[in-house]
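Peer 1: structure for this input, please:
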Amino acid sequence: MNSAKLICNPAAGRGRAGRLLPEVRTMLNTLKIDADIALTRSAGEATALAAAARQAGFPLIIAMGGDGTLHEVANGIVDAQAANGQPKTMGKMGVIPVGTGNDFFKMLAIPLDWRAACTRIAQGQTRRVDVGRINGRVFINNVGIGFDAQVGIEAQKVRWLRGTAVYVAGLARNMLLSYRTPEVSVQIDDTQFKQTLTLLTIGNGRCSGGGFWLTPNAEIDDGLFDICLVRGLSKLQMLALVPKAMKGTHITEEPVHMTRARKITLTSAEPLPVHADGEILYTDAHELEVELLPAALDVIG
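Peer 2: Below is the predicted model:
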């Protein structure tokens, strides 16, 4: 039997993760994976569990949940590797997607099914991927600054829907608010400029919010972020852009600027909402530094 640490957020997917856990354990056992299971009960716990598992020498750490669980587990793994003096990879991360958006999972060559994910984990084929770091915190899929982060804040208040519908409801709630478009100072690699900002998405992956393809050409192992910057728009202009963002066809629109880079810094006199992998990091950020960590994580997929 191969040993693994399985970190499960039982509340993920409106409780679906907790309900599926006995079946997942049975299937992993059938696949010759002896999973030591740890359940999370509070924010940040998966990070501590993943770091402890990596330090204990588990060759495989499995994240079972949504993008938030993956976000925390990746932070624990990368932090533990850096603490051990090994900034590159040591061991593997497996993914069983049972969350609301499952955005990062879309970048892996696995069907969106927990049984297929278990089978792929048993096969053990890995992909060495980039991760990002924002103000010292690791992310694996994307960072959103401005309007899309505010949508995430509103989406967290929606308890009666699942999947992409949660984020669409958050978008609708946000449209009813008076979201400001502040002027920010931006540096993308060596290029500096000031810009009124509706949103800035820094993508390692392609999709966010369950179905918004803001950086549709991103790759998780090319050593670069894909960046989508949208200048200050009115609510009607933003509403017109939304269906195109859901198809990834917005990238040729005049108010959208797409580029690639490895480092982004941003300052703003006005407070900015910020998410990383769908997790709200700030509601009032004024200074942000985002950098790419190339080939920093081994993911099965």
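
Peer 1: wait, residue 96 sits on residue 63?
Peer 2: Yes - using C-beta atoms under 8 Å, residue 96 is in contact with residue 63, at 7.2 Å. Placement of C-beta: from N, CA and C, glycine included.

Peer 1: how about stretch 291-301: buried residues?
Peer 2: Neighbour-count burial for stretch 291-301 flags 292-293, 296-301 (criterion: 16 or more other C-beta atoms under 10 Å).

Peer 1: hang on, I meant stretch 252-259
Peer 2: 256-258.

Peer 1: what are the ranges of the helices in the stretch 201-301 of the chain?
Peer 2: 235-245 (DSSP state H, counting those that start in this stretch).

Peer 1: what are the ranges of the strands in the stretch 51-200 of the chain?
Peer 2: 60-65, 92-97, 126-134, 137-139, 142-146, 183-188, 191-203 (DSSP state E, counting those that start in this stretch).

Peer 1: okay, stretch 290-299 in PDB with CA atoms only?
Peer 2: What follows is stretch 290-299 as a C-alpha-only set of coordinates in PDB (Å, rounded to 0.1, in the frame of the first residue of the first chain):
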ATOM      1  CA  VAL A 290       2.500  39.500  -7.100                       C
ATOM      2  CA  GLU A 291       5.300  37.200  -8.300                       C
ATOM      3  CA  LEU A 292       5.600  33.900 -10.100                       C
ATOM      4  CA  LEU A 293       7.300  30.900  -8.600                       C
ATOM      5  CA  PRO A 294       8.100  28.700 -11.600                       C
ATOM      6  CA  ALA A 295       7.900  24.900 -11.400                       C
ATOM      7  CA  ALA A 296       7.200  25.100  -7.700                       C
ATOM      8  CA  LEU A 297       4.600  22.300  -7.200                       C
ATOM      9  CA  ASP A 298       4.100  18.700  -8.500                       C
ATOM     10  CA  VAL A 299       0.400  18.000  -9.100                       C
END
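
Peer 1: quick one: it to chain centroid distance?
Peer 2: With C-alpha atoms, centre = their mean, to the nearest Å as the basis, stretch 290-299 stands 13 Å off its chain's centre.
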